[in-house]
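[1] What shape does this take:
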Amino acid sequence: MMPIESANSIATTLESAQPDFMMLVGTLNGKGIVSKWTITAAGTDIAAVAISFTDNASSGNVLLNAPSGGMHQFKGLTQGTTEDKYVTVRCIGVQPMYWTDAYKNLATADTNNGFMINCLTGISNCTMSNIDVLLTAAETVACLKDPRYLTWRLMTVKIEYDGTLIWYRTDSYWDQSSFVAASTWGTAIQMSANAYTNVDNSGTTDVGKQYVYPMMDGSGISLNHLTYNMTPPTLYTTAGTGSNQLTTAPTQYYNVWPDLYEQNLCADTTLLLEGTDNPETTLGTAITALSDGYKATVVVSLESILAGAVARWRGVCLVMYTTEYVQETENGSLCVVATTGTTTNQGPDTFGANYLLHIPASIWAPPSKSASVVPAGFALTDSVYGIEHSPAGQVDHLYTQGYYSSTSWY
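    As a prediction, this is how the structure comes out:
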């Protein structure tokens with residue numbers, strides 16, 4: 001519940017605004033619900049009839065459906081009529097969004113004005129539906145297999161003043177010792193500027209459209225600052241063009257073996273082999289001294305990875321066979337890996353670096369399931385390989401699906 005002033009043109013702080021309606025958020029039949037109610041002139045009563053939203057609305061209220069898809073174990077999730085019976089959205093907080101001028105003319109100043117709403121989305125039980133009807137046996141089985149069962153995510157939603165949905169995002173608490181996203185909850189979203197002084201931890205600009213909210217999973221708590229203008233990276237979105245599919249990532253995960261997220265560590269990787277015209281004139285002598293000009297490019301899909309505090313990595317290894325069924329055991333493996341960031345307590349979505357590795361057979365060779373490898377310790381860097389990495393350095397928010405890294409060499 002949040003009192004809001006819709007038309008005032010002189011307020012300079014949130015505290016000085018005079019509310020003329022009340023925002024209410026909650027849950028109705030498993031969906032998030034947002035309502036506006038008029039406050040009387042006396043400022044003491046709420047009118048019996050709600051103010052209707054005019055867009056994205058049902059009976060004047062905005063209804064928020066559970067989202068499909070996600071990162072980590074939520075990748076590929078669907079949200080159809082079956083899932084609507086047991087996946088829930090519980091909205092817990094709402095704040096105004098003043099796009100042009102803080103605390104003024106919320107209803108008329110700009111179409112970007114509106115509201116920030118935060119909710120929880122997940123599955124609380126697999127017995128009764130969101131309308132208190134017993135689930136069928138098949139629906140119960142599907143519900144129990146769903147990664148959202150007893151695993152909640154925070155869901156933040158931006159709507160315009162008339163109810164138009166602009167965007168939403170889901171977030172999970174990151175426990176650096178866990179291999180899956182934690183069940184996450186929090187409290188109502190708050191505007192980050194002080195209601196009396198407008199002091200904000202990002203300064204005095206852009207007041208009225210930045211927010212704070214906590215996330216927790218029982219083992220810890222983090223305080224998050226949500227800015228209005230953060231945008232995703234625009235580069236590194238090209239998938240590999242090589243016809244050699246080396247490994248394939250699952251399209252969806254479930255709560256049962258062998259489809260658990262933590263048991264499926266492969267990313268999509270491809271290999272492109274191509275020749276070079278006139279390598280003697282187009283390549284340096286260091287490369288042509290050992291290479292006939294054939295170039296290999298491995299592209300790694302940067303799906304989210306939860307595997308420790310810093311420098312987490314995944315990739316693919318090429319192993320030589322002397323014949324179709326006989327593995328060559330002397331020269332080891334050639335691997336391409338992509339790491340996350342290397343700075344202490346850096347988030348799991350930051351891309352750190354690419355490496356071309358030579359892993360000696362004495363360290364690891366199939367069919368062994370694992371070995372202790374630090375990528376930087378086995379990296380090939382000699383100029384004779386003509387190695388090219390993309391990205392060439394650290395980039396925030398790439399390890400989030402839809403982005404790719406590549407390594408090429410001769």
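[2] separation between Leu271 and Val299?
    Applying Cβ to Cβ, to the nearest Å, the value for Leu271 to Val299 is 8 Å. C-beta: built from backbone N, CA, C; applies to glycine.
[3] Those two: who's more crowded?
    Relative neighbour count places Val299 above the other of Leu271 and Val299, with 26 against 17, counting by other Cβ atoms under 10 Å.
[4] any residues in contact with both of Leu271 and Val299?
    Between them, Leu271 and Val299 share these contacting residues under Cβ atoms under 8 Å, 6 or more residues apart in numbering: Gly240, Gly242.
[5] next helix or strand past the longest helix belonging to the chain?
    Longest helix in the chain by number of residues (criterion: DSSP state H): helix 137-145. Downstream of helix 137-145, the next assigned helix or strand under DSSP states H and E is strand 153-160.
[6] Direction included, what does whichever helix or strand comes after that next one pair up with?
    Using DSSP H and E, the next helix or strand after strand 153-160 towards the C-terminus is strand 165-171. Sheet pairing for strand 165-171, assigned by DSSP bridges, gives strand 153-160 (antiparallel).
[7] Do a quick rundown of the helices in this protein.
    137-145, 279-282, 285-288.
[8] contacting residues around Leu144?
    Cys126, Asn255.
[9] shaky segments in the protein?
    For the chain, the stretches with pLDDT under 70 are 1, 11, 40-58, 109-111, 201-204, 229, 345.
[10] The helices of the chain into a markdown table, with extra columns for distance to Asn105?
    As requested, the helices of the chain are exported to a markdown table (distance: least, Cβ to Cβ, whole Å):
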| stretch | distance to Asn105 |
| --- | --- |
| helix 137-145 | 46 |
| helix 279-282 | 62 |
| helix 285-288 | 64 |
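[11] Out of those helices, which gets nearest to Met71?
    helix 137-145 (18.7 Å; Cβ to Cβ).
[12] Quick check: the gap between Phe21 and Ala7.
    10 Å.
[13] Equivalent analysis for Met128, please.
    From Met128 to Ala7 the distance is 44 Å (Cβ to Cβ).
[14] List the residues that contact Cys143.
    Residues in contact with Cys143 (Cβ under 8 Å, 6+ apart) are Tyr86, Ile123, Cys126, Leu135, Tyr149.
[15] cool, Cys91 as well?
    By Cβ under 8 Å, 6+ apart, the contact list for Cys91 reads Val25, Gly26, Thr27, Gly32, Ile33, Val34, Leu64, Ile117, Asn118, Cys119.
[16] If you rank the residues you listed by neighbours, which is first?
    In terms of neighbours by other Cβ under 10 Å, the contacts of Cys91 top out with Cys119 at 29 neighbours.
[17] Ignoring the adjacent residues along the chain, who's closest to that one?
    Cys91 (4.0 Å; Cβ to Cβ, 6 or more residues apart in numbering).
[18] And Ile10, by the same measure?
    Lys104 (7.3 Å).
[19] Check the gap between that neighbour and Ser9 for me.
    Lys104 sits 5 Å away from Ser9, going by Cβ to Cβ.
[20] what do you get for Thr231?
    30 Å.
[21] Looking at these two, which is more packed in?
    Ser9 (10 against 6).
[22] residue contacts, the more buried one?
    Contacts for Ser9 (Cβ under 8 Å, 6+ apart) come out as Lys104, Asn105.
[23] Same check on Gln95?
    Counted by Cβ under 8 Å, 6+ apart, Gln95 has contacts Met2, Phe115, Met116, Ile189, Gln190, Met191, Tyr211.
[24] and those residues, which of them are in strands?
    Members of the contacts of Gln95 lying in strands (criterion: DSSP state E): Met2, Phe115, Met116, Gln190, Met191, Tyr211.
[25] Correct me if wrong: the fifth one contacts Thr13.
    In this case it means Met191. No - using Cβ atoms under 8 Å, Met191 is not in contact with Thr13; the gap is 10.7 Å.
[26] Same drill for the two, tell me which one is more crowded.
    In this view Met191 and Thr13 are compared by other Cβ under 10 Å, and Met191 has more residues nearby, 22 against 16.
[27] how close does Thr350 get to Ile4?
    From Thr350 over to Ile4 the distance is 37 Å, taken as Cβ to Cβ.
[28] swap in Ile363?
    Counting by Cβ to Cβ, the separation of Ile363 from Ile4 is 62 Å.
[29] So the two - more neighbours on which side?
    Ile4 (20 against 15).
[30] which ones are touching the more buried one?
    Taking Cβ under 8 Å, 6+ apart, one finds Ala17, Pro19, Asp20, Phe21, Met22, Met23, Lys36, Pro96, Leu106 in contact with Ile4.
[31] May I have the beta-bridge partners of it?
    Phe21.
[32] One more: Arg314?
    Beta-bridge partners of Arg314, counted by DSSP bridges, are Ala338.
[33] ok, it touching Gly308?
    No - Arg314 lies out of contact with Gly308 (Cβ under 8 Å); the separation is 11.8 Å.
[34] These two: who's more crowded?
    Neighbour count, other Cβ under 10 Å: between Arg314 and Gly308, Arg314 has more, with 21 against 14.
[35] what's that one in contact with, if anything?
    Shown in contact with Arg314 (Cβ under 8 Å, 6+ apart): Leu265, Cys266, Ala267, Val300, Ile305, Ala307, Val337, Ala338.
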